[in-house]
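K.L.:
below are the sequence and a predicted model for it; my questions follow.
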Amino acid sequence: EDLLAQGGALALVGPTGAGKTTTLAKLAERGVRRYGADNIALVCGDAYRIGAATQLGIYAELLGVALHIVKDPGEYATILSTLADKKLILIDTAGFNPQDARVTQMQALDPLGVRRVLVLAANVQGGALEPVMNANRQGAVACILSKWDESPQPGAALDCLIRHRLPLAYIASGQRVPEDLYPSNAAYLIDRALKGGQLATPYVLQEADWPLFAGLEAERETRHAG
């Protein structure tokens, strides 16, 4: 479903460096075109990263929309109540390591009517994506895959979404605002995932490697049986 068409309040959540702020700016520009600048509000909830409010403030000024800054999670309810007349509210949240207990603070937005959208970097290894997904998936309504242009092999990210059954809303593929944001397309995603396996890489097994691999598998089965 088109997240922007539904309107309401959306919070972008995810780890540090996933591209939440830039992605939010891309969404905000589309929101302005759909609803008008007076009906859009941006909220900065990142009180940890230096310059977070300044960066988002630049985007807000360029788009002609209001920016509100949350210094403490307890302020969300008050600020959101003052923005009840807005068609679209976009919230930029702080990024945390998935093991950080503060990740669960984002779930406090759910009772306030905020829909959380997980931003994942598609160029991250599957082993690193899994803990991020486990920490953020509960209550999330959709995902945006960022840094698509930096991911020659996006299969791990797509696999993670499929296994956790989290809908993919958009693909962010570059730093340009607002151009580098695209709706998900199944045929294109499958094509990219399959082409990724054809790339030349030193990590692919060569013909001479297969006997060694087969020997290790045979030894493992023997130990398991014995």
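P.N.:
Thanks, I have it.

K.L.:
the helix or strand harbouring K26: how far from the chain's middle?
P.N.:
Using DSSP states H and E, K26 maps to helix 20-35. Its chain's average C-alpha position is 14 Å from that of helix 20-35, according to CA atoms, centre = their mean, to the nearest Å.

K.L.:
in it, what's buried?
P.N.:
20-32 (16 or more other CB atoms under 10 Å). For the C-beta atoms, the positions are set from N, CA and C on the backbone; glycine is no exception.

K.L.:
does it pack against any helices or strands, and if so which?
P.N.:
helix 3-6, strand 8-13, strand 40-45, helix 52-63, strand 88-93, strand 140-146, strand 168-172, strand 181-183 (3 or more CB pairs under 8 Å, 6 or more residues apart in numbering; DSSP states H and E).

K.L.:
contacting residues for the closest residue to Q105 other than its chain neighbours?
P.N.:
In this structure, Q105 finds its nearest non-sequential neighbour in P73, 5.4 Å apart by CB to CB, 6 or more residues apart in numbering. When contacts are counted by CB atoms under 8 Å, 6 or more residues apart in numbering, P73 touches 45, 105, 108.

K.L.:
from L112, how far off is P73?
P.N.:
Computed with CB to CB, to the nearest Å, the distance linking P73 and L112 is 11 Å.

K.L.:
cool, and I171?
P.N.:
In this view, I171 and L112 are 28 Å apart by CB to CB.

K.L.:
between the two, tell me which one has more neighbours.
P.N.:
With other CB atoms under 10 Å as the criterion, I171 and L112 differ in neighbour count, and I171 comes out ahead with 23 against 13.

K.L.:
isn't the more buried one right up against C143?
P.N.:
No. I171 is beyond contact range of C143, at 10.1 Å (criterion: CB atoms under 8 Å).

K.L.:
low pLDDT regions in the chain?
P.N.:
1, 196-205, 213, 216, 226 (pLDDT under 70).

K.L.:
tell me the SS of the residue most central in space within it?
P.N.:
With distances taken as CA atoms, centre = their mean, the residue of the chain nearest its centroid is V119 (0.7 Å). Of the three states, V119 takes strand under DSSP: H, G, I helix; E, B strand; the rest coil.

K.L.:
excluding its backbone neighbours, what's nearest it?
P.N.:
G14 (4.0 Å).

K.L.:
do Q107 as well
P.N.:
Q107 sits nearest to G139 (CB to CB, 6+ apart), 5.7 Å away.

K.L.:
pull the number of nearby residues for the one you found.
P.N.:
Around G139 there are 14 other residues, counting by other CB under 10 Å.

K.L.:
what sits against it?
P.N.:
When contacts are counted by CB under 8 Å, 6+ apart, G139 touches 107, 110, 116.

K.L.:
so which of these sit within strands?
P.N.:
R116 (DSSP state E).

K.L.:
most neighbours of all the contacts of G139, which one?
P.N.:
Highest neighbour count within the contacts of G139, by other CB under 10 Å: R116, with 23 neighbours.

K.L.:
I figured it hits V141, correct?
P.N.:
Yes. Taking contacts as CB under 8 Å, R116 lies within contact range of V141: 6.6 Å.

K.L.:
what sits up against stretch 123-137?
P.N.:
For stretch 123-137, contacts defined as CB under 8 Å, 6+ apart pick out 13-15, 98-99, 103, 106, 116, 118, 120, 147, 150-151, 154, 156-157, 159-160, 164, 166.

K.L.:
kind regards, and thank you for your time.
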